[in-house]
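Asker: need coordinates for the following:
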Amino acid sequence: MIDRLDHLVLTVRDLEATCQFYERVLGMQVVTFDHGRRALHFGQQKINLHLAGHEFEPKARHPQPGSADLCLIAAVPLEQVMEKLTASGVAIEVGPVYRTGAAGPIRSVYVRDPDHNLIEVAEYVQAAEPLAKEAAVTEISRVLQQRPPGIMGAQQVGEFGILLPLVKMDDGKLGVLFEKRASTMRRQANEICFPGGRAEKSDESKWATARRETSEELGVPPENIHFVGELDWLTGPGRAVIYPFVGFVEGIADMKPNPDEVGEVFVISLERLAAAKPSTYTSSLVTEPEEDFPYHLIPGGKRYPWRTGKVEHLFYELDGRVIWGLTARVLAHFLERLPGEGWSCK
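Answerer: Here you go, the predicted structure:
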């Protein structure tokens, strides 16, 4: 979805001092645009400058000089950068050191600009000398660095996006919306859950999955479902990977739940849920190999010391309803993230 960074904004105390530093020391071009605004141009990007106390709108919620930490890739060898820094009287705070950039290993030095922002200047480096001689290893490294790490086996067993829906109640307070699955459902009929389902190839992200499924199940337009935040991932039955999100859903008075999936919809106030204490029970996990398991291939054979474990199950009992399983785990995880007593639910 996103291709590249076009520009960013630095809030500075002294426009002239900032321009002189980046132009004289780092070779950027100072440009003027929009009736006197200043920016620092380099490559195909630029840094727009805001004077502290006189920022342009819209701006960051808490603009603060000296709070930035930037990494710039040099167009010349790092040694040449270091010589220029030394000649300009700029102290190298750290480096040269090896770090990991967006596209692979980099070699960096760190300096401070006039506002004491941390500026990292780096160059991409080839693989370490032993690896550089091994073309196959270098190619493997390139392939691995081009892919984001994920959860092993997730695509084979299924990836699901679910939504914990926050809604506004009649009294103006926030509540959490729950579904009771239709009695005709093949799996988990009549159980209480959050909306969600399996990711599809057309989904741009797991958030898109959760949003689409919520829209389909509750019968609300996707534009009424707003991203609030993401919770920790978890594994479900059959090693399926669950990606939970928190969203704010508008217009629930006009929703039309899908009767093939949803038997009932209800809301419990966030304040009440935060005060509730779930009951906790455990069950044991035991490995039971199939009859044709090749015991002769593992040390100890049938006496192999398989690891055992326990699973914690949470139960919320509210208004004659029972919330348990993955829904209770996600709910408890969300509630643990909330501020302490005294926070406002409005």
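Asker: any idea how far stretch 240-254 is from the chain center?
Answerer: Put simply, stretch 240-254 sits 16 Å off its chain's centre (Cα atoms, centre = their mean, to the nearest Å).
Asker: from residue 71, how far out is residue 141?
Answerer: 20 Å (Cβ to Cβ, to the nearest Å). Where C-beta positions appear, they are placed from N, C-alpha and C, glycine not excepted.
Asker: ditto for residue 45
Answerer: Where residue 71 is concerned, residue 45 sits at a distance of 12 Å (Cβ to Cβ).
Asker: equivalent analysis for residue 337, please.
Answerer: Taken as Cβ to Cβ, the span from residue 337 to residue 71 is 30 Å.
Asker: ok, now residue 11?
Answerer: 19 Å.
Asker: and the two? which has more neighbours close in?
Answerer: residue 11 (23 against 15; other Cβ atoms under 10 Å).
Asker: now that one: which helix or strand?
Answerer: Here residue 11 sits within strand 7-12, counting by DSSP states H and E.
Asker: alpha carbons only: can I get that strand in PDB?
Answerer: C-alpha atoms of strand 7-12 as PDB (Å, rounded to 0.1, in the frame of the first residue of the first chain):
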ATOM      1  CA  HIS A   7       8.800  14.100   3.500                       C
ATOM      2  CA  LEU A   8       8.800  14.500   7.200                       C
ATOM      3  CA  VAL A   9       8.600  17.500   9.500                       C
ATOM      4  CA  LEU A  10      11.200  18.700  12.000                       C
ATOM      5  CA  THR A  11      10.100  21.300  14.700                       C
ATOM      6  CA  VAL A  12      13.200  23.500  15.300                       C
END
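Asker: list the buried ones in it?
Answerer: Within strand 7-12, the residues that count as buried by 16 or more other Cβ atoms under 10 Å are 9, 10, 11, 12.
Asker: please apply the same query to stretch 260-278.
Answerer: 261, 262, 263, 265, 267, 268, 270, 271, 273, 274, 278.
Asker: wait, what's in contact with residue 81?
Answerer: Neighbour list for residue 81: 74, 109, 121, 123 [criterion: Cβ atoms under 8 Å, 6 or more residues apart in numbering].
Asker: can you tell me how far it is from residue 109?
Answerer: Applying Cβ to Cβ, the value for residue 81 to residue 109 is 7 Å.
Asker: with residue 170 instead?
Answerer: 59 Å.
Asker: the more surrounded of those two?
Answerer: residue 109 (21 against 8).
Asker: quick check, that one in contact with residue 120.
Answerer: Yes: Residue 109 is in contact with residue 120 according to Cβ atoms under 8 Å; the separation is 7.4 Å.
Asker: one step back: tell me the first helix or strand C-terminal of the strand holding residue 11.
Answerer: helix 15-24.
Asker: tell me what angle that following helix forms with strand 7-12.
Answerer: 130 degrees (axes from the mean of the first three to the mean of the last three Cα atoms, to 10 degrees).
Asker: mind listing what's buried in helix 15-24?
Answerer: 15, 18, 19, 21, 22.
Asker: send me it as CSV with only the CA atoms.
Answerer: C-alpha atoms of helix 15-24 as CSV (Å, rounded to 0.1, in the frame of the first residue of the first chain):
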residue,chain,number,x,y,z
LEU,A,15,15.4,28.0,11.3
GLU,A,16,18.7,29.6,10.2
ALA,A,17,20.9,27.4,12.4
THR,A,18,19.1,24.3,11.2
CYS,A,19,19.4,25.2,7.5
GLN,A,20,23.1,26.1,7.9
PHE,A,21,23.9,22.7,9.6
TYR,A,22,22.1,20.5,7.1
GLU,A,23,23.3,22.5,4.1
ARG,A,24,26.9,23.0,5.2
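Asker: who touches that helix?
Answerer: Under Cβ under 8 Å, 6+ apart, the answer for helix 15-24 is 10, 12, 28-30, 38, 40, 47, 49, 51, 88, 113-115.
Asker: tell me the one of the residues you listed nearest residue 308?
Answerer: If you rank these by distance to residue 308 using Cβ to Cβ, residue 10 comes first, at 55.4 Å.
Asker: return the member of the buried residues of strand 7-12 nearest to residue 323.
Answerer: For the buried residues of strand 7-12, the nearest to residue 323 is residue 9 (44.3 Å; Cβ to Cβ).
Asker: identify the residues contacting the closest one.
Answerer: Shown in contact with residue 9 (Cβ under 8 Å, 6+ apart): 47, 48, 49, 50, 59, 60, 63.
Asker: how about 10 Å then?
Answerer: 39, 47, 48, 49, 50, 55, 56, 59, 60, 63, 68 (Cβ atoms under 10 Å, 6 or more residues apart in numbering).
Asker: would you list every one of the strands in the stretch 51-200 of the chain?
Answerer: 69-73, 94-101, 104-112, 118-124, 159-168, 174-181, 192-193, 196-198 (DSSP state E, counting those that start in this stretch).
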